[in-house]
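Asker: kindly return the folded structure for what I paste below:
(chains A, B, C, D and E)
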Amino acid sequence: MFRNRHTPVGAKPGTLMINSHAERPVIRVMKYKPDHLEEHEIAAVAELKDLLEENAVCWIDVQGLGDEKVLREFAELFSIHPLALEDVVNIPQRPKIERFEKHTLCITRMALAREEEIEAEQVSLFVGPNYVLTFQERSGDVFDPVRNRIRQGGPVLRSSGPSYLAYALLDAVIDGYYPLLETFGEKLEGLEDEIVAQPHPAVLQEIHQAKRDLLAIRRAIWPQREAVNTLIRDENPLITETVRVYLRDCYDHCVQIMDGVETYRELAGGLMDVYLSSVGNRQNEVMKVLTIMASIFIPLTFMAGIYGMNFENMPELHAAWGYPLLLVVMVAVTVTMVIFFQRKGWIGQRRADVGAEAD
Amino acid sequence: MFRNRHTPVGAKPGTLMINSHAERPVIRVMKYKPDHLEEHEIAAVAELKDLLEENAVCWIDVQGLGDEKVLREFAELFSIHPLALEDVVNIPQRPKIERFEKHTLCITRMALAREEEIEAEQVSLFVGPNYVLTFQERSGDVFDPVRNRIRQGGPVLRSSGPSYLAYALLDAVIDGYYPLLETFGEKLEGLEDEIVAQPHPAVLQEIHQAKRDLLAIRRAIWPQREAVNTLIRDENPLITETVRVYLRDCYDHCVQIMDGVETYRELAGGLMDVYLSSVGNRQNEVMKVLTIMASIFIPLTFMAGIYGMNFENMPELHAAWGYPLLLVVMVAVTVTMVIFFQRKGWIGQRRADVGAEAD
Amino acid sequence: MFRNRHTPVGAKPGTLMINSHAERPVIRVMKYKPDHLEEHEIAAVAELKDLLEENAVCWIDVQGLGDEKVLREFAELFSIHPLALEDVVNIPQRPKIERFEKHTLCITRMALAREEEIEAEQVSLFVGPNYVLTFQERSGDVFDPVRNRIRQGGPVLRSSGPSYLAYALLDAVIDGYYPLLETFGEKLEGLEDEIVAQPHPAVLQEIHQAKRDLLAIRRAIWPQREAVNTLIRDENPLITETVRVYLRDCYDHCVQIMDGVETYRELAGGLMDVYLSSVGNRQNEVMKVLTIMASIFIPLTFMAGIYGMNFENMPELHAAWGYPLLLVVMVAVTVTMVIFFQRKGWIGQRRADVGAEAD
Amino acid sequence: MFRNRHTPVGAKPGTLMINSHAERPVIRVMKYKPDHLEEHEIAAVAELKDLLEENAVCWIDVQGLGDEKVLREFAELFSIHPLALEDVVNIPQRPKIERFEKHTLCITRMALAREEEIEAEQVSLFVGPNYVLTFQERSGDVFDPVRNRIRQGGPVLRSSGPSYLAYALLDAVIDGYYPLLETFGEKLEGLEDEIVAQPHPAVLQEIHQAKRDLLAIRRAIWPQREAVNTLIRDENPLITETVRVYLRDCYDHCVQIMDGVETYRELAGGLMDVYLSSVGNRQNEVMKVLTIMASIFIPLTFMAGIYGMNFENMPELHAAWGYPLLLVVMVAVTVTMVIFFQRKGWIGQRRADVGAEAD
Amino acid sequence: MFRNRHTPVGAKPGTLMINSHAERPVIRVMKYKPDHLEEHEIAAVAELKDLLEENAVCWIDVQGLGDEKVLREFAELFSIHPLALEDVVNIPQRPKIERFEKHTLCITRMALAREEEIEAEQVSLFVGPNYVLTFQERSGDVFDPVRNRIRQGGPVLRSSGPSYLAYALLDAVIDGYYPLLETFGEKLEGLEDEIVAQPHPAVLQEIHQAKRDLLAIRRAIWPQREAVNTLIRDENPLITETVRVYLRDCYDHCVQIMDGVETYRELAGGLMDVYLSSVGNRQNEVMKVLTIMASIFIPLTFMAGIYGMNFENMPELHAAWGYPLLLVVMVAVTVTMVIFFQRKGWIGQRRADVGAEAD
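Answerer: Residues are numbered from 1 along each chain as shown, chains lettered A, B, ... in the order given. Okay, here's the model as predicted:
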């Protein structure tokens, strides 16, 4: 989730870095009033001029940033500052709110599940007096429920102006992190089970990956929270008082996600301790087996060695009771050692350990 | 203690997520004046209209959130903002204070001992000019002492308006964390004894669990503290000056609980160090036993090996003193080794270690 | 040093929890003017009415909190708020300053050496226009030097009103932490010597205990510092400008004690590292002894084994030079191994290690 | 990247410490108006007097600080405060903004790739009403793109006064950290691969070096960020409103670089854990091999020892089936041990470990 | 560098603790105007009355605090507050600025190289309208360059009043930490070399000592920085606007020293990791040698043991090719094991490790 691209050092500010793999922009417009809705997919930016209207809200949604000419046309039509356009195109930017004379720019990072992988995608919103203009890196987003609410004629949404629409989109972006967090919760639980069952070294790398991903989420949400807070506090005429109440709810969601991230980071840290202790434990068991085997057999082998010597004057060798007695002594030594190890808890406890781990 | 539920991404704000297992609401009303008390269990929200009265305090306590219709009726009767209702139902929310035109909403998290397990339950308080409206997730709470104080006609409580009642409920919720903290204290002491006696790997997971639970308590108490502080500082006309003094006491309790949490977290961290060191120590002991056994017997076995060789020209083998002399040498070597290990402190100290651990 | 007691959950605020072991209160009064001093030990609170006088300072010192009736009488006589009385009795409270209409309450924690152990005891000061009222948990305190200064007629103390007396008491409480800190310094130095000489596992627990105690001191001093700061900044008419200068000195002492605590905590953390490394080092030595013994004797034993075989066709066995030659080879192998281990620094360095440790 | 030079203790403020290896200053001037551009390389500071003109922007770029006389001449011509001159010469200084009466001084640290190594070089900018004066330690910088933009007559740059030029230079310096960060990204990825393949101890030192370098970057960027923020907030008449918007972009870049640094530091910390775990794992494997070998052969050797004894009364020795039976028992013991180790996961798992590492 | 002395608990504020080993005070006076300089060493404080003059700056430098009477005379002559005098004498105090009616007190801690050891010494400055009064614990200081600048008639110093002199002294004290920091740099580099060459356990204690010393420096510089900041911000009439500019430079130096301290602390932390890893590595090597030796010889010894058995029915023993064949098998087993260990990288890699460490 962490990428870093940058304009050439010393380049003119406002230089656009169109990625050669970037999708070509597709422009969709939803124009609505309380009792009216039109949807268009338009080919040229110029068509927008006729659509924008004072009493209706226009949501112009641009998916794909692969055509500098189109972007420049947008910039001209909506009087977008060169630096704002640069922020839209030169991805990724830190989420932020920037107020310009004619509109407010809101940069957000959207988490999006795409074929079993989670991708981050920048969504830039321009909120104007009668329009919301969104730029997305790629097609596909988390905004379908919002579109449906517009289509179904939700009374609040339809009658509350562009700032409420912007709130609805922002809220959709932020709420998109909840399923992501849940995925982490499940992943970490899975890792915990794995660690207890059999600690692979690969688990460690997975834990680190999870920690890194959580950090990336934190990096995305933290400035988002700041941005929402700025929207609430600043006396921005584009944000109505009603929307401010909703933004406070949005702020609460950011804080809740941050709390979740912190909890999972703590959990991941704990997992690492459990992993290391589990590995240490297994090493300990290896040592114990070695020590028990060696401690029992080394003295026995020594005794056998004694009577393997070829001294002429060894009366025990000639006694009939020599061999049986030695065997008895050997059994006695073995039993003593086993009792000693049991008392130390090395033999009994080892089984207890395994049991404890299996719990 | 950590759960995370969320509305579908992009859902309309104010969407209620009624859990299918949620209890059906039971509504109890206590209406009191200094010299008067009525208690009712009512079936329909509409009955409340007749109960609310300007000069009496009405405590409407709703236990169970399982009926959207009832909740919507409450919302309409008390002019509850859709987002406030969402906060009440979509659990868990971070504890917070939110001021609305007609009442103040206070979200808190109650810790409640339920059959040997500690559960967290959200309690939402609406404080109005002549009522306190509380919503609880489930039946059962920590408010019985408050109910009894009302019944017994406590002069302060009976004559101090809804903000004092709200304080009393908030105080009961916060004080409910003290027994929880004590449980942790006892648990950690128990773990310490276990670690010193016999360090199981299972202990580590218990320590981590305790740390996680303590973190969850901290997450619950920290915003509570903020919320209480907001109540004290903000010039909320619903909070009388007298109640402000009591809220300061409540704030002190929050801080004390936070201190306790921090102390126990520190303690848990220390326990982990002791556990790891204890495990390391045992491994060390294993190593010493192996080394002592091997170091003593390996040279002896070598000597026995020497005289087990079949060279014809080995004069020692034929000498009558060969065998006894070798035995003497072997004893001498053994004694030397034992003295060497005692000087190193491996034999004497081992016992001392065990003693130290047993202290 | 960490205790946590609390009133029953949901209890009426102002409920007093008199501990059944609490000492019965003993009330001592010192009443002084610049040129006059009386000392009384009084039996009933009612006697105080005659003693309080506008132009003299009365220090009423109550030791022991074991009688609710007496405490309630005090509360009535001095118009003590129920919550303030609760703070005095329900111990321990966080140190704090609370301003009431007729007096200012200052909660402090006193560290007191009592028979080789350090105990914490809460001292609550009420500073009024012509009196200072102190409540202590038990008899015995650090205030004797202050009493002596009053008796000896210290001109500043005698003529500066109750706020100066309160400062003198506060200063005595805070300065009482210096000897405590010194004790920790000596303890940690002692532990360091022990670790270097012989690292017992018990040392680890002592280090943790020290860290915990230092944390408890920090918890006691930190809010004290805040409280003193509040006294300096707030425009409290009971605190004269002269006393404010002295309180700044008191504040500096708090900061110095905090610095000392932090330094000792750092030191304790360092000791733990040294302990762990010392233990690791000893394990390393064990391993080296094992490896050297095994590596030298295992090949020799193998050679002896070879010539202990009973093959008929082993010409070496019949040669007269067989045995002596083998012995020579064995010596050569041993010398080679010893040189190898010396080059690796295992034999020479081991002694160096011991020397380094002994430094 | 960390150096620390200082004037002799107690020296007069403003003392210049000309390093004996410092390059002699080369002075280049670019003077431009919207429709006009001159470039000069001048030999004496006095020539500047004729070049400075009210309606044109003069960029005087001084590379090399090796001549005190020249520097003093600059100080006199531009009324540079002795402490400002000291900051320019006595390198390195912390990046900062300092406002003087006639100009604003901006100290920055430039990261510059020079023959496979990254060097830090201090650039000091004086922004006056009609000039920008830059001092660099050595020849070579990141400003060529800016020079080219001036030469190509960029309309914004040419017509926006010295504060825009200063912004352009500052932006070039800050953007110069992006490639540096990328280098770290690649380095850390390389180290990760190395650790997984074969953990050398040298890797640890490289990780530490990376962490140290990242810290140095953080130390350079953090105050830079502060400085840019000061420029944005302070009502400095030399900074036009237009430039303030661009500086906000510059500020965002600083924050982004800080984020990157933090991410890489986290990554480096994670690598260390992986390294340590990888080393521990290998040690574990060594232990397992030893234990398996010893545990299998020690009992077998013991059995062989038994029948190598020379007791007369050992009936097994004379039986024809003695030797074959023993061999069968030995094979049985070996098989039992192997199955035991496989069950414990020591033999099968070892291979799995290797596979997991190779992933 | 950490000492803690304190007045007896409960002592009267202003009590002086004259250390019995304290040097007797030596009083030196430098009195200067732009065109005039006198130097005196005076015996009695009373002589100062004639020296103080409205239009000249008097620097009264007192070295040694061993005479309470002299100190009290100073206090009376300069109207020093008892608490200020206590701060001067009861050493060490935290660096701070305290404004009194007639002068400003500045407590600083001077680092001073004294016979191969670094000592900290408190310097207290009183800045009055026409004098600077400094108290030092012992003779010997870092002020000689300042004295020489006065003697040589530095125009700024001679004509800028006592606040500039105070700045010059403060600057000398702060700059005195630079050489101290350099010493740490060299020490840590030396330790790094030692660790790589041969990790003694004594190194660990040296690292801890360095960390502790760096912390002590941080504790000394941090409040110094605060104090300088207070001087810059507060509208103290004794500090001229010119001096404020210089103090900002002084503040920058404090920040730079703090940065250096942090960098070295980070470095020390890194060294500890390298040390631990280096020790772990050596232990690993010990293990490998043991494992290789044991794994090669244990099977061989077993084979020799087999043919040392005395079974009658062992056909191999009677075969002529028995012994040579066994030797061949033994060589084959050895070669197999060596190849196995080389493949595992235990034999080849071990040398690589050593090489890597030597780099």
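Asker: for the residue in chain A that chain E sits nearest to, helix, strand, or coil?
Answerer: Relative to chain E, the nearest point of chain A is residue A:308 (6.7 Å; Cβ to the nearest Cβ). (C-beta placed from N, C-alpha, C; glycine too.) Here residue A:308 takes the coil state, with states given by DSSP: H, G, I helix; E, B strand; the rest coil.
Asker: also residue A:30?
Answerer: Assigned with three-state DSSP, residue A:30 falls in the strand class.
Asker: can you say which helix or strand has residue A:169 in it?
Answerer: Using DSSP states H and E, residue A:169 falls within helix A:161-175.
Asker: quick one: mean pLDDT over that helix.
Answerer: Averaging pLDDT along helix A:161-175 yields 91.
Asker: packing partners for it?
Answerer: strand A:57-63, strand A:104-114, strand A:117-127, strand A:131-136, helix A:144-151, helix A:155-159, helix A:201-233, helix A:241-306 (3 or more Cβ pairs under 8 Å, 6 or more residues apart in numbering or on different chains; DSSP states H and E).
Asker: how about the ones you listed in TSV, adding distance to chain D and mean neighbour count?
Answerer: Listed next are these as TSV, based on distance: least, Cβ to the nearest Cβ, whole Å; neighbours: other Cβ atoms under 10 Å in any protein chain shown:
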stretch	distance to chain D	mean neighbour count
strand A:57-63	22	22
strand A:104-114	10	21
strand A:117-127	13	20
strand A:131-136	17	23
helix A:144-151	28	16
helix A:155-159	32	16
helix A:201-233	4	20
helix A:241-306	3	21
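Asker: out of those, which is closest to chain C?
Answerer: Chain C sits nearest to helix A:241-306 of all those, at 8.8 Å, using Cβ to the nearest Cβ.
Asker: which residues touch the next helix or strand along the chain from the closest one?
Answerer: The C-terminal neighbour of helix A:241-306 among helices and strands, as given by DSSP H and E, is helix A:315-318. Helix A:315-318 is contacted by residues A:307, A:322, A:326, D:309-312 when judged by Cβ atoms under 8 Å, 6 or more residues apart in numbering or on different chains.
Asker: only the buried subset of the residues you listed, as a PyMOL command please.
Answerer: A single PyMOL command selects the buried members of the contacts of helix A:315-318 (16 or more other Cβ atoms under 10 Å in any protein chain shown):
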select buried, (chain A and resi 307+322+326) or (chain D and resi 309+310+311)
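Asker: farthest-apart pair in the contacts of helix A:315-318, please.
Answerer: Greatest spacing in the contacts of helix A:315-318, by Cβ to Cβ: A:326 and D:312 (12.9 Å).
Asker: hang on, the earlier thing: need the helices and strands packed on helix A:161-175 in a markdown table with distance to residue D:302, can you?
Answerer: Below are these laid out as a markdown table (distance: least, Cβ to Cβ, whole Å):
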| stretch | distance to residue D:302 |
| --- | --- |
| strand A:57-63 | 77 |
| strand A:104-114 | 62 |
| strand A:117-127 | 58 |
| strand A:131-136 | 75 |
| helix A:144-151 | 75 |
| helix A:155-159 | 85 |
| helix A:201-233 | 36 |
| helix A:241-306 | 5 |
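Asker: residue contacts, the closest residue to residue A:88 other than its chain neighbours?
Answerer: Ranked by Cβ to Cβ, 6 or more residues apart in numbering or on different chains and with sequence neighbours excluded, the top spatial neighbour of residue A:88 is residue A:124, at 4.4 Å. Counting by Cβ under 8 Å, 6+ apart, residue A:124 touches A:87-88, A:105-108, A:134-135.
Asker: show me the two of those residues that sit farthest apart.
Answerer: A:87 and A:134 (13.6 Å).
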